[in-house]
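**Student:** my questions concern the predicted model and sequence given below.
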Amino acid sequence: MTDREKRPSDPWTAGRTEQDQRFEREGLLFSPSEWPLVLQTLQNMKPVQLAGIAERHLRHAIVPKLPIDFDERYEDRIPQCLSVSPSPLCENLSTLRSSLSEIERRQYRRAAAEAAAGRYTFLKQTIDFGDRIDWDHEAIDEQPLFWRLKLEGFEGFEWLLLGEASPSTVDDLRSSLERQALRWDAENPIGERSYLRRSWIPHSVSLRVLHWCRYLAWCAGDDDATAPDRLPQIAYKNALFLANHVEHEIGGNHLLENAVALVAAGVLFSDHDTGWERTGLDLFETAARTQFLADGGHFERSPMYHVTVLRRYATVCDLLSEMELRTTAIKRTAEAAMGFLCRLIGPGGEIPLLNDSVHAEAIDATSCLSYCQAVGLSASKPPLESTTGSGSGYRLLSTDAGTLLFDVGDVGPPHLPAHSHNDQLSVLLWIDGNPILADTGVYDYAANRRRQYARSVVAHNTAQYDTSEPIPIGGSYLMGRRTSISLVTDKIDSITAQNVRHSVVGPEYEHRRTVATTGAGWQIVDALSGDEGGRYTVRYHFHPTVEINPSRSHKDRFDIRSKGERVGSVRFTGVDQCRLSQSPYFPEYGTERRRAMVVASAPTETEICTTFDSVATE
């Protein structure tokens, strides 16, 4: 039932054992070799996370066995006569929709029509359910859990809301999506077996609460459109559940998804004094203090999730200002996050695929900024260079030819490693507005080989000692003992940083990298000290639009062409091996493309010098 089949020649799946496949379905935590990494990950977590995990596992194990109808208990808490206050949500939705490009709105309309017909596509995998969604269909369980999260988040409603301006013009689509929601409600009671790992995963609950609340406001704002009487009741019931299952054990962007859903539900049902909007406000204010760095970046250091959480902050600023609740801290955080995003997006307006990031998942960065401006926010721009040790660690070295991004920061918060990669001291490069060196992105979040590759040092534009990972990685989200990254010099035209690996088990080494501008080009000098007789490798992954060819006149030099035009060259000194290869690139979930990669290696204690020249400097 998926739109494509795995091919035997696929390098990611060839030779997989039955155990490999089980690990992909159930997670690598079942592998004894992963247990030390699990322990290290747990040691880095905060007490509130550990307590939350313990509570979730107890609920999952005990609640289905108790002689109590928990679903009925939630039903009994729904007010007999529910009233809604649609104006704030309806006005905010109109602002958000008008901030999107016509291309985005067209894509949402197309996706909404597919969803109404029972065809859902996530991770580039489609399941056609037809007239009735089978929530227990085996095809869902064949996909990574992320697929179910999005399906049961009822994203079809959001696609309809963002694509269409008037509910009365899409009655057929609305009725189909409403039937899906009502059937889900009838077939998925709270407290059923595995409920916290299937239909009532709090992240999915957050998404559907937000989507249904917006949908109810959208319909209530149009005299020619009505929603089923049951839909406000199940939205209220889901918000009740979410208020009792806030994801403190996960934190990060999940916590903000919980918060925005509670705010939306609190605003929509404001006549019932639920207090949800105040709970959501408290979560956003706490996150403003704990989840954002001095340069305005979100601490998970994923541009995709940065766009997502910034959009949520803009929504809450807009909604809570209508409720006359305090928003000073939220507004200040959102405006700093806007400034960070302005600095981070590439010349073409796209986000770089740092850490767990892809295109076509969050709204476009430019649309997000337009939305922020439309709700009355203005970008503030704390300089990246003034946040040494307290910012994201991204530095920009610009010349007349382009810009190089140098990552001299930590990989992410130790207690929340889910979206972090081994990208220490990695670089990205744009020349004449064209992406030249690109990060890898992410294929999906399953515990599989693509996931391991995307997070590995091999997938990034940096150096690797022997065959070791700077930080051990495993499973979908596990990450071991952190390395130590520090700035040595930080000038406008030259930056030196070092990454030191201390380890009880495995090698210890120090990687020092200097990046400097050279007129209209850039020079990168790597030095790696480790065991005597050791070796290290430097890799550069190019954007798929870039063509790399060995120079006919110079050894260890390659010509760079972007979109058919020659834009410069890259040359190496100090290497004893240098070759042209290929590597995978994951620009969207479920999408893999091939691109050029140059691999250079040398003994430790030997400097590798890489020079990127633009056409202007040659």
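**Tutor:** That came through, no problem. Predicted model only: the values in this text are computed from it and were never measured. Numbers count the residues shown, from 1 in each chain.

**Student:** please make it C-alpha for all contacts and neighbour counts, starting now.
**Tutor:** Will do.

**Student:** tell me who's in contact with residue 89.
**Tutor:** Under the criterion of C-alpha atoms under 8 Å, 6 or more residues apart in numbering, the neighbours of residue 89 are 213-214, 217-218, 264, 267-268, 319.

**Student:** possible to save those as a markdown table with neighbour count?
**Tutor:** Formatted as a markdown table, these follow (neighbours: other C-alpha atoms under 10 Å):
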| residue | neighbour count |
| --- | --- |
| 213 | 27 |
| 214 | 25 |
| 217 | 22 |
| 218 | 24 |
| 264 | 27 |
| 267 | 28 |
| 268 | 25 |
| 319 | 24 |
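
**Student:** could you dump these to TSV with distance to residue 533 and pLDDT?
**Tutor:** Output for the contacts of residue 89, formatted as TSV (distance: C-alpha to C-alpha, whole Å; pLDDT from 0 to 100):
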residue	distance to residue 533	pLDDT
213	63	98
214	63	98
217	68	97
218	67	97
264	61	98
267	65	97
268	67	97
319	62	95
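
**Student:** any idea how far the residue of the chain most remote from its centre is from residue 571?
**Tutor:** In the chain, counting by C-alpha atoms, centre = their mean, residue 553 sits farthest out from the average C-alpha position, at 43.2 Å. Relative to residue 571, residue 553 is positioned 12 Å away (C-alpha to C-alpha, to the nearest Å).

**Student:** what touches both of the two?
**Tutor:** Overlap of the contact sets of residue 553 and residue 571 (by C-alpha under 8 Å, 6+ apart) is empty.

**Student:** dump the residue contacts of the nearest residue to residue 269 once chain neighbours are set aside.
**Tutor:** In this structure, residue 269 finds its nearest non-sequential neighbour in residue 84, 5.1 Å apart by C-alpha to C-alpha, 6 or more residues apart in numbering. Contacts were defined as C-alpha under 8 Å, 6+ apart; by that measure residue 84 touches 217, 268-271.

**Student:** secondary structure and distance to residue 436 added to those, as a markdown table?
**Tutor:** Shown next, in a markdown table, are the contacts of residue 84 (DSSP: H, G, I helix; E, B strand; the rest coil; distance: C-alpha to C-alpha, whole Å):
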| residue | secondary structure | distance to residue 436 |
| --- | --- | --- |
| 217 | helix | 45 |
| 268 | helix | 47 |
| 269 | coil | 50 |
| 270 | helix | 51 |
| 271 | helix | 55 |
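
**Student:** tell me which element residue 548 falls in.
**Tutor:** strand 546-550 (DSSP states H and E).

**Student:** now do the helix or strand just after that strand: distance to the chain's middle.
**Tutor:** Downstream of strand 546-550, the first helix or strand assigned by DSSP H and E is strand 557-562. Relative to the mean C-alpha coordinate of its chain, strand 557-562 is positioned 31 Å out (C-alpha atoms, centre = their mean, to the nearest Å).

**Student:** before we move on, what about stretch 316-335?
**Tutor:** Worked out by C-alpha atoms, centre = their mean, stretch 316-335 lies 24 Å from the chain centre.

**Student:** before we move on, what about stretch 32-51?
**Tutor:** 22 Å.

**Student:** go on, stretch 126-136?
**Tutor:** With C-alpha atoms, centre = their mean as the basis, stretch 126-136 stands 26 Å off its chain's centre.

**Student:** could you give me the average pLDDT of it?
**Tutor:** Mean per-residue pLDDT for stretch 126-136: 95.

**Student:** how far does it stretch from start to finish?
**Tutor:** End-to-end distance for stretch 126-136, by C-alpha to C-alpha: 16 Å.

**Student:** cool, stretch 541-553 as well?
**Tutor:** Distance across stretch 541-553, first residue to last, is 23 Å (C-alpha to C-alpha).

**Student:** for stretch 213-230, same thing?
**Tutor:** Using C-alpha to C-alpha, the end-to-end distance of stretch 213-230 comes to 13 Å.

**Student:** what residues sit buried inside it?
**Tutor:** Residues of stretch 213-230 classed as buried by neighbour count (16 or more other C-alpha atoms under 10 Å): 213-221, 225-227.

**Student:** nearest to residue 406, of those residues?
**Tutor:** residue 214 (40.3 Å; C-alpha to C-alpha).

**Student:** that older thread, quick check: angle from the strand holding residue 548 to strand 557-562?
**Tutor:** Here the directions of strand 546-550 and strand 557-562 differ by 160 degrees (axes from the mean of the first three to the mean of the last three C-alpha atoms, to 10 degrees).

**Student:** ok, and what's touching strand 546-550?
**Tutor:** By C-alpha under 8 Å, 6+ apart, the surrounding residues in contact with strand 546-550 are 436, 556-564, 580, 595-596.

**Student:** same question for that strand: list its buried residues.
**Tutor:** Neighbour-count burial for strand 546-550 flags 546-548, 550 (criterion: 16+ other C-alpha under 10 Å).

**Student:** so what strands line up beside it?
**Tutor:** Strand 546-550 sits in its sheet next to strand 557-562 (antiparallel), going by DSSP bridges.

**Student:** just the CA trace of the strand it pairs with, in PDB.
**Tutor:** Provided in PDB are the C-alpha atoms of strand 557-562 (Å, rounded to 0.1, in the frame of the first residue of the first chain):
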ATOM      1  CA  ARG A 557      42.500  20.400  -7.100                       C
ATOM      2  CA  PHE A 558      38.800  20.300  -8.300                       C
ATOM      3  CA  ASP A 559      36.800  22.700 -10.300                       C
ATOM      4  CA  ILE A 560      33.400  23.700  -9.000                       C
ATOM      5  CA  ARG A 561      30.400  24.300 -11.300                       C
ATOM      6  CA  SER A 562      27.000  25.300 -10.000                       C
END
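
**Student:** who touches that strand?
**Tutor:** Residues outside strand 557-562 that contact it (C-alpha under 8 Å, 6+ apart): 434, 436, 545-551, 566-572.

**Student:** the next helix or strand after it packs against which elements?
**Tutor:** Per DSSP H and E, the first helix or strand lying C-terminal to strand 557-562 is strand 565-573. Contacts defined by 3 or more C-alpha pairs under 8 Å, 6 or more residues apart in numbering; DSSP states H and E place strand 565-573 against strand 557-562, strand 608-614.
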